[in-house]
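Engineer: Pasting the sequence and the predicted coordinates here, then a few questions.
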Amino acid sequence: MKKIILLLLALSFINANAQKKLKKSKAYKDVEVIVMDELRPNASLTVVSPNYDPLRIKPALESELMFASSTFKIISESSARKQKEIINKININDEEINQNITYDTESVKKLKSLYALEFNYGINGGGRVLSFNGQITNLSDGSILAKFRRKGGSAGFGTGKNKLIEVMILKLNELTK
């Protein structure tokens, strides 16, 4: 039991040091966040695919949001875009009851979550992220709650996809505390 407690303490110390180190990093300082309104913790969030995602940031961001103690309830984009309809028809005759249940889905443009995280980015020839723009939108009224950006130019080394996602998760978690 003592070994487990010591292991948990060591892991929490390592995690705290890693977050402190990340907050001091250039990648953390390069990502700017503007918050226009408060984000509700435990609200549903859908990460929306950009038209062009060669680094596959969307699935990586979605996955990290799930595993990095995010305070959002993540809803997959494909599920959020499906409208479900159940039709229950009952015919009652003198001696017989017939029931027909139909379950149908169709794709819709409106997402079934409270928030949507949309983003786009530019990369260099080495596959590193030069610029990144994103926003969290309240889908009930269309208001933009937060904007993210990493300024970049046409020249430079950029930042790695994993480092950018790590910074984004840390900043998202900070917004809901």
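Structural biologist: Great, that's in hand.
Engineer: secondary structure class for residue 65?
Structural biologist: The local conformation at residue 65, judged by DSSP: H, G, I helix; E, B strand; the rest coil, is helix.
Engineer: And for it, the neighbour number?
Structural biologist: Residues lying near residue 65 (other Cβ atoms under 10 Å) number 22. In this view, the C-beta of every residue, glycine as well, is placed from N, C-alpha and C.
Engineer: shift numbering so it begins at 21
Structural biologist: Fine by me, first position is 21 from now on; the one you just mentioned is residue 85.
Engineer: Chain neighbours aside, what residue packs nearest to it?
Structural biologist: In space, and not counting its chain neighbours, residue 85 is closest to residue 94: 5.2 Å by Cβ to Cβ, 6 or more residues apart in numbering.
Engineer: quick one: contacts of stretch 141-153?
Structural biologist: Contacts made with stretch 141-153 from outside it, assessed by Cβ atoms under 8 Å, 6 or more residues apart in numbering, are listed as 51, 70, 74-75, 77, 139-140, 167-174, 176-181, 184.
Engineer: Where does the closest residue to residue 88 other than its chain neighbours sit: helix, strand or coil?
Structural biologist: Counting by Cβ to Cβ, 6+ apart, the nearest residue to residue 88 once its immediate chain neighbours are dropped is residue 189, at 4.5 Å. Here residue 189 takes the helix state, with states given by three-state DSSP.
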